[in-house]
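# Here is my input, please return the structure:
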Amino acid sequence: MESPEPRIPLPPAAIELLGSLYRKVSSPVVGFHMWERCFTAEEREDLGDNFRYACEKWRTIGMWQQVRGGDRYSAVVKIAFCIGLLMQADYEWLLRLLGEATRSVSKHLVASARLVIVEYPRELFWEHEKVEISWEAKPAVWNYLLTLADGAAKVEIVDRLSLGKEKEPDYLSKMKSLLKRTSGFPPSLVDCIRPAGRGSQRLTVSPDQIVIVRSDLASL
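Just a heads-up that it's a prediction; the model follows:
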């Protein structure tokens, strides 16, 4: 039985607009406008009260998330609106669509599989319980888990090249070690990550017990 792959649907026009805004907002110039126009003195202080330092550490979208929270796509929309790149109507439209996407994972879906991974917003459910970790702040760990789950769903092993040519030979073992030390991550899921030959791993969860909820936003 193949693992189902439900998708979070968004209109093509919304995907196109979000992609355009994402590219614009990622610019340090936009980041400086956000710093000056959108943040309060207290928020700037929380970021070290130094734009260059904050921008190098978190980039534009990350700075917003540090002081105001939320996922990266909602942050993009709010930054764009704050600095005048987005009209009120489009701002409300995009936030409504993103809000609908966050509510799309039903209790039935979570109950239907042992492991459920949602691409947007980044969520992980293990044995029918949500793993309460801020995945937006852990992109490397998230990509590692998603790659393992995708491999398990296809009955494939994962090696370091699955995550990029620049990864070191011991990258997978380092990521597993990091998961073990991550507060809130279930030990029983860590135990399912097994060696599969030199420099390779596999996730020992049955394919029919894995659901990956895809999102067009993940490709932006």
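# Go through the chain and flag its longest helix.
helix 51-68 (DSSP state H).
# from the middle of its chain, how far away would that one be?
Taking C-alpha atoms, centre = their mean, to the nearest Å, one finds helix 51-68 lying 17 Å from the centre of the chain it belongs to.
# Equivalent analysis for stretch 72-85, please.
Relative to its parent chain, stretch 72-85 has a centroid offset of 18 Å by C-alpha atoms, centre = their mean.
# Also stretch 190-209?
Put simply, stretch 190-209 sits 22 Å off its chain's centre (C-alpha atoms, centre = their mean).
# What's the first helix or strand after the helix or strand bottoming out on mean pLDDT in the chain?
Least confident helix or strand of the chain, by mean pLDDT, DSSP states H and E, is strand 7-8 with a mean of 55. Downstream of strand 7-8, the next assigned helix or strand under DSSP states H and E is helix 12-25.
# other SSEs contacting that next one?
If contacts are counted by 3 or more C-beta pairs under 8 Å, 6 or more residues apart in numbering; DSSP states H and E, helix 12-25 sits against helix 72-82, helix 88-102. Every residue, glycine included, has its C-beta placed from N, CA and C.
# how far out from the middle of the chain is that helix?
Computed by C-alpha atoms, centre = their mean, the chain-centroid distance of helix 12-25 equals 17 Å.
# can you list the residues that contact it?
For helix 12-25, the surrounding residues in contact (C-beta atoms under 8 Å, 6 or more residues apart in numbering) are 10, 30, 60-61, 73, 76-77, 79-80, 85-86, 90, 93-94, 97, 216-217, 220.
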